[in-house]
Each structure stands twice: as structure tokens, then as C-alpha cells.
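**Student:** structure for this input, please:
(2 chains)
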Protein chains: 2
Amino acid sequence: MEKVEQHASFGGRQEVWAHASDALGCRMKFGIYLPPAALLGEKRPVLYWLSGLTCTEQNFITKGMVQEHAARHELIVVAPDTSPRGEGVADDPAYDLGQGAGFYVDATQAPWSTHFRMQDYVSRELPALVERHFPATSVRGISGHSMGGHGALVTAMRHPGRYRSVSAFSPIVAPASVPWGQKALITYVGPDRESWKAWDACELVKAGKAGGLELLVDQGTADEFLEGQLQPQRLKEACDAAGVSCTLRLQPGYDHSYYFIASFIGDHVDHHAVALNRV
Amino acid sequence: MEKVEQHASFGGRQEVWAHASDALGCRMKFGIYLPPAALLGEKRPVLYWLSGLTCTEQNFITKGMVQEHAARHELIVVAPDTSPRGEGVADDPAYDLGQGAGFYVDATQAPWSTHFRMQDYVSRELPALVERHFPATSVRGISGHSMGGHGALVTAMRHPGRYRSVSAFSPIVAPASVPWGQKALITYVGPDRESWKAWDACELVKAGKAGGLELLVDQGTADEFLEGQLQPQRLKEACDAAGVSCTLRLQPGYDHSYYFIASFIGDHVDHHAVALNRV
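**Tutor:** Residues are numbered from 1 along each chain as shown, chains lettered A, B, ... in the order given. Got it, this is the predicted structure:
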């Protein structure tokens, strides 16, 4: 564990740490915001944030504007990188595959299966690390954007009881049915479409895996990927049919950028805080 | 005038425009945040923001977190680039000279005098452009960070009556007395130290140029440039001696980064709004 950045922020501290990941077999970085109470040693709940395609651990912590709201609710916020990285790690020249595009799955296909185990990393190794090294409780929430919105939804549903709260911005809700997701799944998980269902939020809802979760999803109506890649109404319909609480908010005129995330991150932190700060 | 970006943000819109600048003789970009009322056509006051060394028009609009507060007070925020740019524009390999380091002066020395006329650009050409093309009144405030904090203070004091309000984060308050400023001034303005006084906030206060302004300055105590380049107590002392209102806040543990700016930009927008929204 090596601290590579630290900055005072809203009475707390934004840090970036690097560590050798067992799950991924490479050096990884993550951002962690410690709210004022955590700096005084009080153990606080943790909101995990999963970023989208091409992002590193930097995008959300510099442009997401989460710190103000995390300080207000005294929540820790952890934002990992989006894939394994480095010279020895498989990659692809496309922006939507390989490094920067881990899709939060555990790859089974060569050459990806060696390092691309982001699901194991974000759901197991990273929380264990955070809860060992920082003043963090084991009360967890998870959110994310686009590919990371998919990651947040799928990760919460694959591990019942591990996350108290979940939300997403512009998520890929049905990766098995859209180009970004299909390309990633056939590459990382292989051609058996049945196996894709374990990585598809809509399919997990249909399979009854969302029990007890209350989903909050924000989607901009001017998002260039809305129709082709995101289609959040699929998630709303699956939740309605399964009796799962899903608040889908269509935000008029907002796009796919961090300006959109910053505008509504306060509402999402409020949503998580209700569950995470419940005694 | 060409719009190169637009993003919905906090009920308003963050835009980036490019235009051919007469003052600078090159193509320039600036960010402009239009708050909700401006989108409905209401003319609103404008807060100008001048960024620091190495920045473009992007840094503040993506990392400064100003939009939430500008929307709250219905203020337009304009953030220009920090120097002329392009193939035909003089440059220097150092990060603190040439492109990205215009220091908001009007250069008199070759080869800089051809394009490096940032003071004329930010104080005259840009406001005229903004007030002609956007729903902006001629009520103006100005703020900035580091080199841009120097720029904000000096610009407000050089043009009495042109700005109703001024503030700065981590400003270079005495460029004639510190390495960054001395290097810039000797290069752009020449070796005559007497001529530097017109570009030095402390000297301008001493010369009685701060009449009517109420200065708000925030400075992090963990800022690596505090002692060597910034020395804000010089400004406080000059203001106290001249009877000028100057609130200097030393923020414990904060550094020179945008995490610092984001943490306190709300207070600065409040400070400007008191003056700018006065009828």
C-alpha cells in the first residue's frame, strides 16, 4: 500500500493509493475520500463508485463533485480504476475493450482471464483492503456511471447482503442486448449467451436477484448513447415485473458527461446515506 | 464565434466557445456557464475566472465546482484560456513562461508583444464579446487562482469601476518580489522594475488603486508555493495600511489544487453575488 496523493477537501481528505492486487495480478490505484469524522478515527460506511469506459481512478474524484456530499453525510467514497493496467496486461486498441474497459466481470477467455477479474477485485479484494486499512465499517453502498453503472447494479445483485444501497447514472442495464456489452461479454466471458445472464442487470432482476434493493437510476435525455447502448426502460420494466423498487429519472437535456453526474450526485449520495447511515 | 461544447449542468448550461481574438491575434477558447435564468433570456451579471499556470479554459469548468453556486445565484461565469495559443505564437519550454503562462499582462518585449496581450483580452475584448453575444449585463466580478489570482486582483485594480467584486485563491500577490512573477515580468514587460509596479497587486494597493473593492482571499496552509511564490500576508499588510477591506483566510491543511478551490468556491460565489446581485 502506497499513498500517491492526498488533498484536503471539504473538511476531509481525498487520497489516492496504489497497491499490488492479488485478484488482478498487477498494480492498481484507487481514490478514497475520507470525510471529517473518519479523519478523527470514527469508522464510517463506504460508498463504492465504478467509473465508465476509458476512465481511471481520477475522473470521478476530480470531476464528480462527490466530496461535498460525502462530507455532509460523513461517508467514505472509494473509486477504483476501471481495469487491470500495465505492460504485461492484455489490451486492445479499441476504447471499449481491454485496459480502461474491464466491464466489472471475471474473464474466462484467454488472454483476458489472467488479469481481467474486476468483479472479484471490486466486490471482494477492494472492500477487504479498505476495511482493513481505513476507518471503514462493512456497511457498503455502490454506484457508478455507464459501464460502471452496469458494474454497480450487477455487483450489488450478484452478492446479496453485501451492499445496502445501489444507484447508477446512465447505466448499461442490458449488456447482453447492446453492442458495448455484447462485444465485452463475447470477448471476456465467451460465446455462450446463457453465461452472459450472470452479468446482465435486467436478467439478474428477472432471476429474482434484486430482492431488498431500492434502485435509483438517473439518465439524461440528451445522452448520445441512450437509444443504442443504455435503454434504461428495460431495467424499469424488469423491476416493475419483479416487484423491485426502481426510481428511473429522465433528466431533460442532460448528456453522458461528468457535468451530468456532478449535477445529480448529491441526490445519489442522499439516497445511499438513508441506507448506509441507518443504525 | 463557434460553439465547441455544451452540457446541461445544474439546470443551466456549460458551454465552450472559440473565436478569433483581435487583442491576441489568434484563436481563443473560453468556457461560459449560463445559469437557468440566462437560458430563459434574462440578462445576468458575469463572474470572470482567471486560471493558473499550465491551465486552459477546461480546468476550472471541469474541476472548480462553480456551476452549482452560479446556478444558485443566477450568475454567468466566464473562464478564458490562460494565454494566446497556436503554431505562430511565441512559446517557451518552461511551464511558467509562454503558452499557458500569459500572466494577464500586456507584453512590451519581443517576441512576446505580438500576441501576449492577455490584460487587454480579459479586461476589454472578452467582456465586450460576452456582453454582445450572451444574456449578460455589464455588472462584472473577477476571481482566479494562483497566476489567475494575481490576474484577478490586478485587473480589478487597473480598471476602477469595471468590476464590482474581486476575490482570489492562492494568488501571486507580489509578482515583482517572487520568482514566478519576476521571470514573467522581466520577459514580458522588460527589465525596468518601475514598470512592474503596474502589474503587482501589492503595489497597486499602495498606489491607492483598490478604492471601493472588498477583497476576499483564500490560501491553503499546506500549499507548496505559499512561502516561495505567494506570501499573501504582503497583500493583507498593504491593504491594512491603505485602509482597504481585505479578508485573508488561511485554510488549514489545504494545498494548491482544485480540491482546495472546489471546497471554498461556494463562499467566493456568495461574496461576488452580494455585490453583483445588488440592484
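**Student:** the closest residue to residue A:64 other than its chain neighbours - how many residues pack around it?
**Tutor:** Once flanking residues are discounted, residue A:64 sits nearest to residue A:261: 5.4 Å by Cβ to Cβ, 6 or more residues apart in numbering or on different chains. C-beta coordinates here come from the backbone N, C-alpha and C atoms, glycine included. Applying other Cβ atoms under 10 Å in any protein chain shown, we find 28 other residues in the vicinity of residue A:261.
**Student:** how far out from the middle of the chain is whatever helix or strand residue A:261 lives in?
**Tutor:** Element membership of residue A:261, judged by DSSP states H and E, is helix A:258-276. Mean-position distance between helix A:258-276 and its chain equals 13 Å (Cα atoms, centre = their mean, to the nearest Å).
**Student:** do the same with stretch A:98-115
**Tutor:** Distance, centroid of stretch A:98-115 to centroid of chain: 16 Å (Cα atoms, centre = their mean).
**Student:** what pLDDT, on average, does it get?
**Tutor:** Averaged across stretch A:98-115, the pLDDT comes to 98.
**Student:** in that stretch, what counts as buried?
**Tutor:** Buried residues in stretch A:98-115, counting neighbours by 16 or more other Cβ atoms under 10 Å in any protein chain shown, are found at A:98, A:99, A:100, A:101, A:102, A:103, A:104, A:105, A:106, A:107, A:112, A:115.
**Student:** hmm, residue A:27 and the last one touching each other?
**Tutor:** No: when contacts are counted by Cβ atoms under 8 Å, residue A:115 is not listed as touching residue A:27 (11.3 Å).
**Student:** list residues touching both of those two?
**Tutor:** Overlap of the contact sets of residue A:115 and residue A:27 (by Cβ atoms under 8 Å, 6 or more residues apart in numbering or on different chains) is empty.
**Student:** ok, residue A:76 - contacts?
**Tutor:** Residue A:76 makes contact with A:32-35, A:38, A:44-47, A:70, A:130, A:134-136, according to Cβ under 8 Å, 6+ apart.
**Student:** near chain B, which residues of the stretch 51-200 of chain A?
**Tutor:** Residues of the stretch 51-200 of chain A lying close to chain B by Cβ under 8 Å from any Cβ of the partner chain are A:62, A:63, A:65, A:67, A:68.
**Student:** give me the element residue A:156 is part of.
**Tutor:** Residue A:156 belongs to helix A:147-158 when assigned by DSSP H and E.
**Student:** which strands or helices does that helix pack on?
**Tutor:** Judged by 3 or more Cβ pairs under 8 Å, 6 or more residues apart in numbering or on different chains; DSSP states H and E, helix A:147-158 is in contact with strand A:44-50, helix A:118-120, strand A:136-144, strand A:165-169, helix A:201-206.
**Student:** among these, which is nearest residue A:4?
**Tutor:** Closest to residue A:4 of the helices and strands packed on helix A:147-158 is strand A:44-50 (Cβ to Cβ; 18.1 Å).
**Student:** how far away from the center of its chain is the closest one?
**Tutor:** 10 Å.
**Student:** per-residue confidence averaged over it?
**Tutor:** Rounded mean pLDDT across strand A:44-50 is 98.
**Student:** and stretch A:197-207, by the same measure?
**Tutor:** 98.
**Student:** buried ones in it?
**Tutor:** By neighbour count on 16+ other Cβ under 10 Å, the buried set for stretch A:197-207 is A:198, A:199, A:200, A:201, A:202, A:203, A:204, A:205, A:206.
**Student:** now, among the residues you listed, which is nearest to chain B?
**Tutor:** residue A:201 (25.2 Å; Cβ to the nearest Cβ).
**Student:** for that closest one, give me its contacts.
**Tutor:** Residue A:201 neighbours (Cβ under 8 Å, 6+ apart): A:150, A:153, A:154, A:157, A:171, A:173, A:174, A:175, A:235.
**Student:** columns neighbour count and pLDDT on top of those residues, output as CSV?
**Tutor:** Formatted as CSV, those follow (neighbours: other Cβ atoms under 10 Å in any protein chain shown; pLDDT from 0 to 100):
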residue, neighbour count, pLDDT
A:150, 31, 98
A:153, 31, 98
A:154, 30, 98
A:157, 24, 98
A:171, 31, 98
A:173, 33, 98
A:174, 20, 98
A:175, 26, 98
A:235, 27, 98
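**Student:** for chain B, state which of those is nearest.
**Tutor:** residue A:171 (18.6 Å).
**Student:** kindly provide the distance from the residue located most distally from the centre of chain A to residue A:17.
**Tutor:** Within chain A, the residue lying farthest from the chain centre (Cα atoms, centre = their mean) is residue A:40, at 27.3 Å. Residue A:40 sits at a distance of 20 Å from residue A:17 (criterion: Cβ to Cβ, to the nearest Å).
**Student:** before we move on, what about residue A:48?
**Tutor:** 14 Å.
**Student:** with neighbour numbers in mind, choose between the two.
**Tutor:** residue A:48 (28 against 21).
**Student:** contacting residues around the more buried one?
**Tutor:** A:77-80, A:122, A:126-127, A:140-143, A:152, A:163.
**Student:** and if you look at residue A:7?
**Tutor:** Contacts of residue A:7 by Cβ under 8 Å, 6+ apart are A:13, A:14, A:15, B:254, B:255, B:257, B:259, B:260.
**Student:** name the nearest of those relative to residue A:275.
**Tutor:** Using Cβ to Cβ, residue A:14 comes nearest to residue A:275 of the contacts of residue A:7, at 23.4 Å.
**Student:** and for the closest one, the neighbour number?
**Tutor:** Neighbours around residue A:14, by other Cβ under 10 Å: 25.
**Student:** looks to me like residue A:38 is in a strand.
**Tutor:** No: applying DSSP: H, G, I helix; E, B strand; the rest coil, one finds residue A:38 to be helix, outside a strand.
**Student:** so it touches residue A:134, yeah?
**Tutor:** Yes: if you go by Cβ under 8 Å, residue A:38 and residue A:134 touch, sitting 7.1 Å apart.
**Student:** which one of these two has more residues nearby?
**Tutor:** More crowded of residue A:38 and residue A:134, by other Cβ under 10 Å: residue A:38, with 23 against 17.
**Student:** roughly how far does the residue nearest the centre of chain A sit from residue A:81?
**Tutor:** The C-alpha lying nearest the average C-alpha coordinate of chain A belongs to residue A:50 (Cα atoms, centre = their mean; 2.5 Å). In this view, residue A:50 and residue A:81 are 10 Å apart by Cβ to Cβ.
**Student:** can you check residue A:89 too?
**Tutor:** When distance is defined by Cβ to Cβ, residue A:89 is 11 Å away from residue A:81.
**Student:** helices along the stretch 51-200 of chain A, start to end?
**Tutor:** A:58-63, A:67-73, A:118-120, A:126-133, A:147-158, A:179-188, A:193-196 (DSSP state H, counting those that start in this stretch).
**Student:** the third one: how far from the chain's middle?
**Tutor:** Averaging C-alpha positions (Cα atoms, centre = their mean) puts helix A:118-120 11 Å from its chain's average.
**Student:** then the longest one?
**Tutor:** Relative to the centre of its chain, helix A:147-158 is centred 6 Å away, using Cα atoms, centre = their mean.
**Student:** try the fourth one
**Tutor:** Chain-centre distance of helix A:126-133: 16 Å, with Cα atoms, centre = their mean.
**Student:** next: stretch A:271-279.
**Tutor:** That offset, for stretch A:271-279, works out to 18 Å (Cα atoms, centre = their mean).
**Student:** before we move on, back to that, and of the contacts of residue A:76, the nearest to residue A:242?
**Tutor:** Distance to residue A:242, by Cβ to Cβ, is smallest for residue A:47 among these, at 24.9 Å.
**Student:** please, which helix or strand holds residue A:250?
**Tutor:** strand A:245-251.
**Student:** parallel or antiparallel, which strands does that strand pair with?
**Tutor:** Here strand A:245-251 has these sheet partners by DSSP bridges: strand A:214-220 (parallel).
**Student:** now what about the strand it pairs with, what contacts it?
**Tutor:** A:149, A:153, A:165-171, A:173, A:226, A:230, A:232, A:235-236, A:239, A:244-251, A:253-256, A:260, A:264, A:267-268, A:271, A:275, B:8.
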